[in-house]
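Peer 1: Coordinates only, no sequence provided:
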């Protein structure tokens with residue numbers, strides 16, 4: 001009988017030790033990068049941003065000389081009429097569906113070659129770009145993930161060029177173009193602590209445009225499992241030239257936004 005009691009006590013002691021060991025693996029200090037999962041296993045994130053974007057590069061329209069835009073950093077807010085961007089993700093295990101939409105309305109001062117045809121040029125650019133793609137996490141752990149992403153980006157651009165002074169004084173023209181590019185790259189995030197994380201992406205491609213690229217890097221703070229704040233910098237460039245319509249520009253500037261998870 002004593003032998004039976006002794007075996008029972010040893011068994012209970014073993015179970016208790018195993019329970020303590022398992023509990024030690026789950027601590028409040030363990031960073032958790034994943035969003036809250038729904039009952040289906042899907043995770044959803046929506047992130048609207050404000051983008052203080054500026055524009056630089058070359059813009060041209062059929063039958064007219066190209067104009068060059070090269071503003072100082074201090075001119076960005078002065079020339080910014082409106083800029084909005086939003087990103088979204090639906091995630092299941094290592095697979096994801098990602099989307100990104102931007103709209104900018106930017107004004108800028110430009111010039112013609114040697115300044116002969118016009119004393120100065122006013123340029124207004126309205127840009128819409130929408131990306132939809134799929135991703136797969138090639139690296140993933142409790143601190144974050146790195147995804148390989150590929151998809152399509154649709155561009156729709158409208159430009160207005162107004163020449164002041166010189167030979168082309170009073171000439172005011174508008175033109176627009178729409179095209180599609182295939183792009184691919186990487187995106188991901190990494191948690192330094194349970195609250196502070198780094199997020200970003202880099203994409204490059206071509207199609208209707210000769211070159212299409214997009215990079216961003218941001219620092220986020222996770223208030224809870226549903227809300228995070230993000231601040232960072234984004235730059236995207238495109239080189240499109242077709243039927244006299246030239247849009248070879250870089251748009252860049254700081255971004256500020258929130259990430260909502262559900």
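Peer 2: Perfect, I can see it now. The shown structure was predicted, so the numbers you read here are calculated from the model rather than taken from an experiment.

Peer 1: Can you pull the phi/psi pair for the spatially most central residue of the chain?
Peer 2: Centroid-nearest residue in the chain, with CA atoms, centre = their mean: residue 216, separated by 5.6 Å. Here the main-chain torsion angles of residue 216 (degrees, to the nearest 10) amount to phi -150, psi 150.

Peer 1: show me what contacts the nearest residue to residue 166 once chain neighbours are set aside?
Peer 2: Sequence neighbours aside, residue 118 is the residue nearest to residue 166 in space, at 4.1 Å (criterion: CB to CB, 6 or more residues apart in numbering). Using the backbone N, CA and C atoms, a C-beta is placed for each residue, glycine as well. Going by CB atoms under 8 Å, 6 or more residues apart in numbering, residue 118 touches 111-112, 163-169.

Peer 1: Buried subset of these as a ChimeraX selection?
Peer 2: A single ChimeraX command selects the buried members of the contacts of residue 118 (16 or more other CB atoms under 10 Å):
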select :112,163,168
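
Peer 1: which strands and helices sit next to the helix or strand harbouring residue 240?
Peer 2: Per DSSP states H and E, residue 240 falls inside strand 227-242. Applying 3 or more CB pairs under 8 Å, 6 or more residues apart in numbering; DSSP states H and E, one finds that strand 227-242 contacts strand 42-51, strand 144-164, strand 172-191, strand 196-207, strand 211-222, strand 245-261.

Peer 1: so how far is that strand from its chain's centroid?
Peer 2: Distance of strand 227-242 from the chain centroid (CA atoms, centre = their mean, to the nearest Å) equals 5 Å.

Peer 1: so where's this structure uncertain?
Peer 2: In the prediction, the chain carries residues with pLDDT under 70 at positions 1-39, 72-81, 113-115.

Peer 1: rewinding a little: correct me if wrong: the residue nearest to the centre of the chain contacts residue 200.
Peer 2: Yes: judged on CB atoms under 8 Å, residue 216 makes contact with residue 200 at a distance of 5.4 Å.

Peer 1: Spit out the residues that contact those two alike.
Peer 2: What both residue 216 and residue 200 touch, as defined by CB under 8 Å, 6+ apart, is the set residue 232.

Peer 1: any idea how far residue 150 is from residue 169?
Peer 2: 48 Å (CB to CB, to the nearest Å).

Peer 1: among the helices and strands packed on strand 227-242, which is nearest residue 68?
Peer 2: Ranking the helices and strands packed on strand 227-242 by proximity to residue 68 (CB to CB) places strand 245-261 first, at 9.8 Å.
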